[in-house]
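Trainee: Here is a sequence together with a model predicted from it:
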Amino acid sequence: MKPGILLVAAERELRRNLFDAFDHAGYSQVHSARDLVHAAILLEGQSTPLALQLIVMVLSGDEQQAQGSFEQLRRLPAAAGTPLMVVLPEGSPLNPADLPPGIADWLSAAQIGTELVARWRRSQATSVDYCKTATTAAVAAGGAQCDYRYVFEEGDSEWLIVDAQTTRVLEVSPMLARHSRLHASQWEGLPLTEVLRFEGIGISQVLVDADRHWYPCQRKSAQGVDVGQANVRRVEHAGRPALALMFRSDRADLRAEAALSLLSRIFVSSSGVDPQVAAGRLLVDELGLDYLSVWSVRQDGAEAPAQLLQLWNGEECAWPPAQSQSSLQLVLAGKSILYRADARRLGIADPLLQQLDLDGFAGLPLYDERHTVIGGMLAGSRRGFGEMSIIEPVLRCAAARFSQILELGRTREQGRAEGLVDSLTGLPNRLLFYDRLETIIREAVRNGECFAVMFIDLDRFKAINDTHGHAAGDQVLRMVTQRLGGSIRASDTVARYAGDEFTIILRHIVKNDDVIRVAEKIVQVMELPLYLDDGTELRATVSMGLSFFPDDAGDAETLLKHADEAMYAAKHKGRNNFQVYEVSPEYAQQHGMALKTRLRHAEGNGELRVVYQPQVSAETEDIVGMEALVRWEHPELGVISPAVFIPLAEETGLIVSIGEWVMRTACHQARDWERRYGLRLRLGVNLSAVQLMEPQLVDTVATVLRETGLDPALLEMEITESISIKEAPNLVENLHALHGLGCHIAIDDFGTGAASLDYLRRLPADRIKIDQSFVRNIGVDPDDEAIVRATIEMAHRLKRAVVAEGVEIEQHLEFLREHACDVLQGYLFCRPLQPVSFEKLLAERRRLLDERPAVPA
C-alpha cells in the first residue's frame with residue numbers, strides 16, 4: 001500500500017476542502033483527523049501502523065500554540081520524519097515567519113483548492129535533498145559529486161546556486177534565465193543582494209536560517225523586477241558549501257497556480273464595477289500586458305465593429321481605424337492569432353502593431369453559445385509573453401468571459417425591448433421568471449431532474465426608502481442584485497419578482513445540502529454593509545424560503561407558494577435567516593386533528609404514492625434491488641414529509657392499513673416488472689413498530705404474496721434498529737415467521753439505535769442497512785468512517801450482507817467499495833423515482849443485458 005496523507009483540521013469545512021484537493025488529484029490514501037488526539041489514534045491504533053508521505057495541519061492559534069502542536073505531532077513515531085505542510089485559516093494571528101522550523105511549506109486556507117497539491121508535487125519533484133545525500137555519500141566514498149542540474153533541466157522552478165561564504169551567484173537554472181530574460185552568464189558572480197530583495201526580513205537572516213520558509217521578495221529581471229516568494233536550503237557545489245534558492249513568481253503568465261487564481265477572480269462578481277473593465281484590468285495587471293482591447297460585431301449590420309474596452313500602458317496616441325487593423329479583421333472572421341515573442345513582423349500589414357511595438361500578441365474571437373463570432377479580443381506585451389502553455393489557456397478563458405459578458409448584455413437589451421427584463425436591475429421580471437420556471441419544470445419531468453426555488457424578501461426595505469429616499473432604495477436593489485448573482489452558478493436563474501422581492505431557481509440538485517449551502521452563503525453575504533454613493537452605510541438583510549421540485553410540488557404556482565410560505569416562516573423567526581418549506585411537526589401538532597382526518601381518506605382519494613429508489617451492487621453498479629417509499633401528496637399543502645405523517649398514522653393506527661396498501665401496491669408493481677424484465681430485483685418494504693406487533697402480520701404478508709404472485713425471495717421486510725424487543729413483544733416471532741415464508745429481513749437505520757451483538761444474533765436478519773448520517777460523513781469525520789468500517793466488518797462476521805444508504809458522491813462510493821460493502825443506495829445513483837421513471841431505468845437495463853454477446857458454451 002502506498003504511503004498516505006494525513007489531514008489535521010478542527011473545522012469540518014476545512015477538512016473537507018483539504019480532502020477534496022488531494023482526492024481530486026488522485027491520491028487514494030487520504031486520512032483526516034479533527035485534532036492531534038484523533039491523529040494519534042489513526043496513526044497508532046491500527047494493527048498495521050499507517051505509513052505517511054505527508055501531513056497537512058491547520059494552525060489557527062498563536063505562535064506558542066503552533067509550537068506546542070508541532071512538538072506534539074513530532075512525538076508521534078509515524079509522524080516524526082514525515083514532511084509537514086501548514087495551512088493558516090483566514091484571520092489567523094500566526095505570522096508565517098513565526099512558524100516552527102522544519103515545516104516544508106505553508107499556505108492560506110483560500111489557496112487550498114488552487115495551490116496545495118501543486119506545491120506538494122513541486123516540493124517532491126524539485127527537492128535537492130536527494131542530491132545532497134547522494135553528494136555526501138559520493139564524496140565520502142571518494143567518488144564524483146552528484147550533479148544537481150537534473151533539477152534545473154527537468155523542473156519548471158527557478159533556482160539559484162549561491163556560494164555560502166561570498167553569497168555570489170554560482171549558477172542559475174535555465175527556467176530562471178528564461179523567465180527573467182537575462183542570459184545565465186549575466187547572473188554569474190552577481191552579489192545576491194543585487195538579485196533578490198526580501199520583504200520584512202534581512203537577506204542575511206534568510207541565509208543563516210536556510211529552513212525552506214517561503215518569504216515574499218522581488219527577483220531581478222530584464223524589465224526591472226518580478227514579485228514572488230523564495231526559500232533557501234543548503235547544498236554542496238564542487239565540494240564546497242553552497243545555498244540553493246528557489247523562486248516562484250506571482251506572475252500569472254509564468255506560474256500555473258497564479259494563473260488559476262487569476263481565472264477564479266475573472267469569473268467572480270465584480271462588486272459594482274463594470275465586469276468587462278474589472279476582467280480587463282485583472283488581465284493587464286496579472287499578465288503584465290501593455291495592450292488589451294475588446295470589440296463587438298455590430299448587430300445593426302454596420303461594417304465597423306464597436307470597441308467595448310481598451311487599456312493601454314503607454315502614451316496617448318491616435319488609434320488607427322478598425323477597418324485598417326488587419327489582425328482585428330482576421331479575428332472577427334474567426335481566426336485565432338498567437339505570437340509569443342515575434343509579433344513585430346505583423347507590423348508590416350497592421351498599423352496597430354507597428355504603432356504599439358509589441359513582441360507578444362494574441363487575437364481571439366469571441367463566440368456565443370451557437371459558436372457565432374460576436375466580437376474579438378486583442379492582447380499584447382512589449383516584452384513578449386511568458387510560458388505559452390500557461391498564458392494561452394488563460395487568454396482563451398478570458399475570451400470566454402468577455403463573450404459571456406457581451407452575450408448577457410445583448411440578451412438583457414433584447415429583454416428590455418420585449419418587456420421581460422426589469423429596467424432597474426437588469427434581471428428577468430416576474431413574467432420571464434414564470435416562463436423559465438415552467439420550462440425548467442417540463443425539462444425536469446422529462447429528465448428526472450430535481451431543483452429548488454428560493455423566495456427572497458429584503459428585511460425592512462420600506463424603512464430604507466422612507467429614511468434615505470427612493471434613489472437610495474434603487475441603489476440598494478442594484479447592490480443586492482450583484483450579491484445574489486455572485487452567489488449562484490451560471491446555470492441558475494435570479495429574478496426580480498416584485499418590489500423588494502427576488503426569486504432564484506437552483507438547478508441540477510444532487511442533494512438538498514447543496515441548496516442549504518447556497519442559502520447560508522446568501523445570508524452571510526447580505527449581512528455585510530452596503531455603501532451608497534454618498535458614503536452612507538446601510539445594512540439590508542434578507543429572509544428566504546426554499547421549496548424543492550418534485551418533493552414539495554410539481555407545478556410552478558405551488559412551488560412558489562410554498563417558497564413564499566417558508567419565507568414568511570423565516571420572518572417570524574426573527575428575519576435574516578432562511579427556512580425550508582415543510583409541513584412542520586409544529587403545524588402537525590396545531591392542525592393534528594385536521595391532518596388525521598384528511599389522512600384517513602388519503603388512500604381512498606388517491607393521495608398516497610409509492611416511489612422506488614434503486615439499490616446497486618457496490619462491485620458492478622448494476623441494479624440489484626429497490627426500496628419502496630410512501631409519499632402523501634396533500635391537495636393543498638403539497639408533499640408532506642413522511643417524518644410528519646408516519647407518526648400521525650402510527651398514533652391513529654392508520655399505519656396498519658397504509659402499510660398494507662404500500663406493501664400490496666409495491667409487490668404488485670414488482671411482480672409486473674419481474675414478469676416484463678426478469679431482473680430478479682429484491683423489493684424492500686418498511687415495517688413500523690405498530691405493524692410488527694400485529695398478530696395478523698404474517699397472514700397479511702402471505703395473502704399479499706399469494707394475491708400478487710411475487711416470489712417471497714424477492715421481498716425484503718425492513719425494520720428500524722430502534723425498535724425494542726420489549727416494546728414489540730411479537731417482534732422475534734413475527735420475523736422468524738416471515739423468514740419462514742421465504743422473505744428476507746433487513747435492519748434499517750443501523751447505528752442510530754443501541755443494538756447489541758446479542759440483539760443482532762437473535763434476529764433472523766439477512767442484511768444490515770447503515771444509516772445515511774454516517775455515510776454522508778465519509779471523508780469528513782474519521783469517527784463516522786470508523787463506525788462504517790466496523791459495521792461492515794461486524795456484519796460480515798455474522799454472515800450478514802451490508803447496504804449503505806445516503807451514498808451521494810464518488811468519495812462515498814470509493815470508500816465503501818474499498819471496505820467491501822455489498823449494496824449501495826443514494827442520490828449518486830438515483831433519487832426515489834415515480835413508477836414511470838423507474839420503469840425506463842429497468843427497460844434500459846434489460847436492453848443492455850440483451851445486447852451483451854452470448855458466452856460460448
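Mentor: Received the coordinates, thanks.

Trainee: Trp295 and Gln307 touch, don't they?
Mentor: Yes - between Trp295 and Gln307 there is a contact at 5.6 Å, judged by Cβ atoms under 8 Å. Where you see a C-beta, it was placed from the backbone N, CA and C, and this is true even at glycine.

Trainee: So the two - more neighbours on which side?
Mentor: Taking neighbours as other Cβ atoms under 10 Å, Trp295 and Gln307 compare with Trp295 leading, 26 against 14.

Trainee: and the more buried one, what helix or strand is that in?
Mentor: strand 291-296 (DSSP states H and E).

Trainee: What mean pLDDT does that strand get?
Mentor: Averaging pLDDT along strand 291-296 gives 94.

Trainee: Alpha carbons of it, as CSV, please.
Mentor: Taking C-alpha atoms only, strand 291-296 is exported to CSV below (Å, rounded to 0.1, in the frame of the first residue of the first chain):
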residue,chain,number,x,y,z
TYR,A,291,-2.4,46.5,-24.5
LEU,A,292,-5.9,45.0,-24.3
SER,A,293,-9.0,45.7,-26.3
VAL,A,294,-12.4,44.1,-26.7
TRP,A,295,-14.6,44.5,-29.7
SER,A,296,-18.2,43.7,-30.6
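
Trainee: mind listing what it pairs with, with the direction of each?
Mentor: The pairing partners recorded for strand 291-296 under DSSP bridges are strand 306-312 (antiparallel), strand 373-381 (antiparallel).

Trainee: Out of the ones you listed, indicate the one that is most buried.
Mentor: Mean neighbour count (mean count of other Cβ atoms under 10 Å) peaks for strand 373-381 among the strands paired with strand 291-296, with a mean of 25.

Trainee: Go through the longest strand along the chain and flag the buried ones.
Mentor: If you go by DSSP state E, the chain has its longest strand at strand 224-237. Buried residues in strand 224-237, counted by 16 or more other Cβ atoms under 10 Å: Asp226, Gly228, Gln229, Ala230, Asn231, Val232, Val235, Glu236, His237.

Trainee: which neighbours does it have in its sheet, and in what orientation?
Mentor: Next to strand 224-237 in the sheet, as set by DSSP bridges, lie strand 215-221 (antiparallel), strand 240-249 (antiparallel).

Trainee: Could I get those strands in TSV, plus columns for mean neighbour count and mean pLDDT?
Mentor: Converted to TSV, the strands paired with strand 224-237 look like this (neighbours: other Cβ atoms under 10 Å; pLDDT from 0 to 100):
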stretch	mean neighbour count	mean pLDDT
strand 215-221	19	90
strand 240-249	20	88
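
Trainee: mind checking which of these is nearest Ala341?
Mentor: Comparison of those against Ala341 by Cβ to Cβ identifies strand 215-221 as nearest, at 14.9 Å.

Trainee: Show residues contacting the closest one.
Mentor: 97, 158, 179-182, 190, 194-201, 206, 225-231, 247, 249 (Cβ atoms under 8 Å, 6 or more residues apart in numbering).

Trainee: if you set the cut-off to 10 Å instead, what comes out?
Mentor: By Cβ atoms under 10 Å, 6 or more residues apart in numbering, the surrounding residues in contact with strand 215-221 are 96-97, 158, 160, 176, 179-182, 186-187, 190, 194-201, 203, 205-206, 209, 224-232, 245, 247-251, 383.

Trainee: quick revisit: I'd like the strands paired with strand 224-237 as a markdown table, with distance to Glu537 appended.
Mentor: Formatted as a markdown table, the strands paired with strand 224-237 follow (distance: least, Cβ to Cβ, whole Å):
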| stretch | distance to Glu537 |
| --- | --- |
| strand 215-221 | 33 |
| strand 240-249 | 39 |
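
Trainee: and of those, who's closest to Pro83?
Mentor: Ranking the strands paired with strand 224-237 by their distance to Pro83 (criterion: Cβ to Cβ) puts strand 240-249 first, at 15.4 Å.

Trainee: Could you export the closest one as PDB, keeping only the C-alpha atoms?
Mentor: C-alpha atoms of strand 240-249 as PDB (Å, rounded to 0.1, in the frame of the first residue of the first chain):
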ATOM      1  CA  ARG A 240      32.100  23.300  -1.100                       C
ATOM      2  CA  PRO A 241      29.100  24.500   1.000                       C
ATOM      3  CA  ALA A 242      26.600  26.400  -1.100                       C
ATOM      4  CA  LEU A 243      23.000  27.600  -0.800                       C
ATOM      5  CA  ALA A 244      20.100  26.700  -3.200                       C
ATOM      6  CA  LEU A 245      17.400  29.400  -3.500                       C
ATOM      7  CA  MET A 246      14.100  28.500  -5.200                       C
ATOM      8  CA  PHE A 247      12.000  31.400  -6.500                       C
ATOM      9  CA  ARG A 248       8.300  31.200  -7.500                       C
ATOM     10  CA  SER A 249       6.800  34.100  -9.400                       C
END
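
Trainee: The following helix or strand past it - contacts with which helices or strands?
Mentor: With elements assigned by DSSP H and E, the helix or strand that comes after strand 240-249 is helix 256-266. Counting contacts by 3 or more Cβ pairs under 10 Å, 6 or more residues apart in numbering; DSSP states H and E, helix 256-266 is packed against helix 112-126, strand 240-249, helix 275-287, helix 388-417.

Trainee: Tell me which of those approaches Val802 most closely.
Mentor: It is, among the helices and strands packed on helix 256-266 and with distance given as Cβ to Cβ, helix 112-126, at 32.7 Å.

Trainee: Rounded mean pLDDT for that closest one, please.
Mentor: Here the average pLDDT along helix 112-126 is 74.

Trainee: Point out where the stretch 601-750 of the chain drops to low pLDDT.
Mentor: Low-confidence segments of the stretch 601-750 of the chain (pLDDT under 70): 636-638, 721-729.

Trainee: try 80
Mentor: 601, 603-605, 633-644, 720-731, 749-750 (pLDDT under 80).

Trainee: How are the helices of it distributed by residue range?
Mentor: 642-652, 654-677, 689-692, 697-708, 731-741 (DSSP state H, counting those that start in this stretch).

Trainee: could those be laid out in JSON lines, adding distance to Thr467 and mean neighbour count?
Mentor: Output for the helices of the stretch 601-750 of the chain, formatted as JSON lines (distance: least, Cβ to Cβ, whole Å; neighbours: other Cβ atoms under 10 Å):
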{"stretch": "helix 642-652", "distance to Thr467": "42", "mean neighbour count": "17"}
{"stretch": "helix 654-677", "distance to Thr467": "55", "mean neighbour count": "19"}
{"stretch": "helix 689-692", "distance to Thr467": "58", "mean neighbour count": "20"}
{"stretch": "helix 697-708", "distance to Thr467": "67", "mean neighbour count": "17"}
{"stretch": "helix 731-741", "distance to Thr467": "66", "mean neighbour count": "17"}
